[in-house]
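Trainee: Sharing a sequence plus its predicted fold:
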Amino acid sequence: MSAWVERKGIRTSALNDVSRRDLIALAALGLAAGSGVRPAFAAPSADQLTWGIHVSLAPRWFDPATTPGLITPFMVLYALHDALVKPMPGKAQASSLAESWTMSEDSMTYEFTLRKGITFHNGDPVTAEDVKFSFERYHGAANKQLKDTVASIETPDAQHVRFKLKEPWPDFMTFYGTTATGAGWVVPKKYVEKVGDEGFLKHPIGAGPYKFVSFNPGVELVLEAYNGYWRKKPSVKRLVMKVIPDEETRFAALSRGELDIAYSIRGELAEKVQKTPGLTLKPALLPAPWYLYFTEQWDPKSPFHDVRVRKAVNLCLDRDGMNKALFLGYCKVNNSIIPDSYQYYWQPPAAVFDPVQAKKLLAEAGHPDGFDAGAYFVDGSYANIAQVAVQNLEAIGIHTKMEPVERATFFANGTGKKFHGIMQVASAAGGNAATRLQAFIVKGGAWVYGSYPDIDALYPQQAAALDPKKRGAILDKMQQLVYDKSIMAPIFELSFINAIGPRVGESAFGTIQGFAYTAPFEDITIKKT
């Protein structure tokens, strides 16, 4: 016999699969409801494209020095700034501000040759000193590991930068030349020293294809094409990124032609896009496994200290039902926090949905009637996943209260170790299995609330292993331990579903493998009429 849960007027099966319509209704509760009159926006001008952004833009995302090991800031960084080396169409590590780079035979020295004639938006030349300054100023994800490994940075002339390592490290370029960190993104030394960090956030100057015009917090960011960009002159003169957290409002504005591009359109709204003439759905499977993190599992007083409780949560999540209802089945269940496309990914056993066995494990752990787990913290733009997960937990007796948090605050509090209870997390940052383990599992990582000594001990061993097979075996063991300990409860790799309107020629969605947003921005076009 099925147990039933009553919540906010929706009655849903707690042990059987939840119906698709109920899941969508649950996802909409509390956030989209009560939004009142939908705001209207002016139609874009002929040389402008307008985005509907699903989260509130944070000024700290204008500065590559603060990147938190997540992909969201790169939504803006790819427009405003540039890196020595970064992911681009067809290349995971494409030479950008650097026209070339080399690694010494002993893997101890990396030398970059900058392009000639490249400039920042204020006309200052991009030099080796700017590269050195940007690295030394960086304090985002993996900051300590990068700086602990680099012995010195030499700038023999304005066009050359030489990084010397203390010891060989096979992942230097994975951390420095991908979106795993923002350490390789370059800002103008003279300008930053003149205006200071706060002044830089108010008016950022970069070397990217678009320059800063204005920012109205909570409303919009306006950028203008920088015709001096080295790769190509941007086709679209003006970009406007409007903050529209409500999904129905984004869809309505796109339908009325007030937006050209809308991020994050899901469930029934995504189906409406498919049926609306002139609108096109743009789903992208990302290297972004969502998972539940038990921040208090190292506290002996917490129920989550018992691995049986954590395993019970893994068993109670209806991943397939959630995927079909909220993401049209575009997500991928891989039962790991490591994307299956990443180098050194270890294939865990398949995820199982078995709430009956979950309740049995809870009883064995001393909680036959369940328990109150406290808060369930989530980035508010993905409260739809949380709504369903909370119901799945409720079904086996784990009572928790969803706490949606605006994204910039979620990042700050999450990395500040301020959340207690359950935290719903994901990252689509670039890298490999080692970079993801560093940020989310190993002691000292940006999102690590506690760690396990046996896993911590393996991390430096894999970092020093120059033989790929030996290194792969160590990383496999680390991932197996993460699985065995049920440190997290993986949900699925996210499919980020977007939509574009009829004015968009090339949207640049999906041109950079695994990237969630539109990029490169200089490749985006408006259809000729």
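Mentor: Ah, there it is.

Trainee: list the contacts for the closest residue in space to residue 450 that isn't next to it in sequence?
Mentor: Closest residue to residue 450 apart from its sequence neighbours, by Cβ to Cβ, 6 or more residues apart in numbering: residue 298 at 3.6 Å. Heads up, the C-betas are built off the backbone N, CA and C, glycines and all. For residue 298, the contacting residues are 305, 449, 450, by Cβ atoms under 8 Å, 6 or more residues apart in numbering.

Trainee: List the contacts of the first one.
Mentor: Applying Cβ under 8 Å, 6+ apart, one finds that residue 305 lies in contact with 296, 297, 298, 299.

Trainee: what residues are up against the first one?
Mentor: Yep, that's residue 296 we're talking about. Each residue near residue 296 by Cβ under 8 Å, 6+ apart is listed here: 302, 304, 305, 420, 421, 449.

Trainee: Mind pulling up the pLDDT for it?
Mentor: At residue 296 the predicted local distance difference test score is 98.

Trainee: again, but for the last one
Mentor: You'll see residue 299 listed with a pLDDT of 98.

Trainee: So what pairs up with residue 399 in the strands?
Mentor: Using DSSP bridges, the bridge partners assigned to residue 399 are residue 372.

Trainee: quick one: contacts for it?
Mentor: Contacts for residue 399 were tallied using Cβ under 8 Å, 6+ apart; they are 370, 371, 372, 373, 393.

Trainee: Quick check: end-to-end length of stretch 107-117?
Mentor: Across its full length, stretch 107-117 reaches 30 Å end to end, with Cα to Cα, to the nearest Å as the criterion.

Trainee: which outside residues touch it?
Mentor: Contacting residues not belonging to stretch 107-117 are listed as 84-85, 97-104, 125-128, 131, 158-165, 167-170, 172-173, 176, 230, 466 [Cβ under 8 Å, 6+ apart].

Trainee: repeat for stretch 232-244
Mentor: In this structure, residues lying in contact with stretch 232-244 by Cβ under 8 Å, 6+ apart are 41, 44-45, 47-57, 76, 79, 209-210, 213, 218-227, 250, 253, 259, 262, 521-526.

Trainee: tell me how far the ends of that stretch are from each other?
Mentor: Stretch 232-244 has its terminal residues 30 Å apart, counting by Cα to Cα.

Trainee: returning to that earlier point: compare the contacts of residue 296 and tell me which is most surrounded.
Mentor: By neighbour count, taken as other Cβ atoms under 10 Å, the most surrounded of the contacts of residue 296 turns out to be residue 304 (22 neighbours).

Trainee: In ChimeraX, how would I select the buried members of the contacts of residue 399?
Mentor: This is the ChimeraX syntax for the buried subset of those, where burial follows 16 or more other Cβ atoms under 10 Å:
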select :370,371,373,393
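
Trainee: For the contacts of residue 399, give me JSON lines that also has pLDDT.
Mentor: As requested, the contacts of residue 399 are exported to JSON lines (pLDDT from 0 to 100):
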{"residue": "370", "pLDDT": "97"}
{"residue": "371", "pLDDT": "98"}
{"residue": "372", "pLDDT": "98"}
{"residue": "373", "pLDDT": "98"}
{"residue": "393", "pLDDT": "98"}
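
Trainee: and which of the contacts of residue 399 is nearest to residue 200?
Mentor: Of all the contacts of residue 399, the one sitting nearest residue 200 is residue 373; the distance, using Cβ to Cβ, is 41.0 Å.

Trainee: do you know how far the closest one is from residue 482?
Mentor: Separation of residue 373 from residue 482 (Cβ to Cβ, to the nearest Å) stands at 21 Å.

Trainee: Which strands and helices lie in contact with the top helix by length along the chain?
Mentor: Secondary structure assigned by DSSP state H gives helix 468-485 as the longest helix of the chain. Helices and strands touching helix 468-485, as assessed by 3 or more Cβ pairs under 8 Å, 6 or more residues apart in numbering; DSSP states H and E, comprise helix 433-440, helix 453-464.

Trainee: Could you export the ones you listed as TSV, including distance to residue 272, mean neighbour count and mean pLDDT?
Mentor: Supplementary listing: the helices and strands packed on helix 468-485 in TSV, determined by distance: least, Cβ to Cβ, whole Å; neighbours: other Cβ atoms under 10 Å; pLDDT from 0 to 100:
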stretch	distance to residue 272	mean neighbour count	mean pLDDT
helix 433-440	35	25	96
helix 453-464	45	15	97
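
Trainee: So what does residue 208 look like in phi/psi?
Mentor: Backbone torsions of residue 208, given as degrees, to the nearest 10, read phi -90, psi -180.

Trainee: swap in residue 241?
Mentor: Main-chain dihedrals, residue 241, degrees, to the nearest 10: phi -110, psi 100.

Trainee: beta partners of it?
Mentor: Beta bridges link residue 241 to residue 51, residue 221 when assigned by DSSP bridges.

Trainee: what residue ranges in the stretch 1-150 of the chain score low on pLDDT?
Mentor: Applying pLDDT under 70 to the stretch 1-150 of the chain flags residues 1-44.

Trainee: Tell me where it has helices.
Mentor: Counting by DSSP state H, counting those that start in this stretch, one finds helices in the stretch 1-150 of the chain at the ranges 20-28, 74-80, 128-137, 143-149.

Trainee: which helices and strands does the last one pack with?
Mentor: In terms of contact count using 3+ Cβ pairs under 8 Å, 6+ apart, helix 143-149 is assigned the packing partners helix 172-176.

Trainee: same thing but at 7 Å, please
Mentor: Helix 143-149 is packed against no helix or strand, with contacts defined by 3 or more Cβ pairs under 7 Å, 6 or more residues apart in numbering; DSSP states H and E.

Trainee: list the buried ones in that helix?
Mentor: Residues of helix 143-149 classed as buried: 143, 145, 146, 149 (neighbour count, 16+ other Cβ under 10 Å).

Trainee: Tell me how many other residues surround residue 167.
Mentor: Taking other Cβ under 10 Å as the neighbour definition, residue 167 ends up with a count of 11.

Trainee: Kindly list the main-chain dihedrals of it?
Mentor: phi -160, psi 160.

Trainee: Provide a list of residues in contact with the residue lying closest to residue 187 once chain neighbours are set aside.
Mentor: Closest residue to residue 187 apart from its sequence neighbours, by Cβ to Cβ, 6+ apart: residue 134 at 5.2 Å. Residues in contact with residue 134, defined by Cβ atoms under 7 Å, 6 or more residues apart in numbering, are 185, 186, 187.

Trainee: Equivalent analysis for residue 278, please.
Mentor: Going by Cβ under 7 Å, 6+ apart, residue 278 touches 501, 502.

Trainee: Which pLDDT value belongs to it?
Mentor: 97.

Trainee: which SS state does residue 430 fall under?
Mentor: Classification of residue 430 into helix, strand or coil gives coil, according to DSSP: H, G, I helix; E, B strand; the rest coil.

Trainee: which one of the contacts of residue 305 sits closest to residue 341?
Mentor: When the contacts of residue 305 are ranked by distance to residue 341 (Cβ to Cβ), residue 297 comes first, at 27.9 Å.

Trainee: and the closest one, that's in a helix?
Mentor: No: inclusion of residue 297 in a helix is not indicated when three-state DSSP is applied; the result is coil.

Trainee: Number the residues from 25 up from this point.
Mentor: I'll keep to 25 as the first residue from here, and by that count the last item is residue 321.
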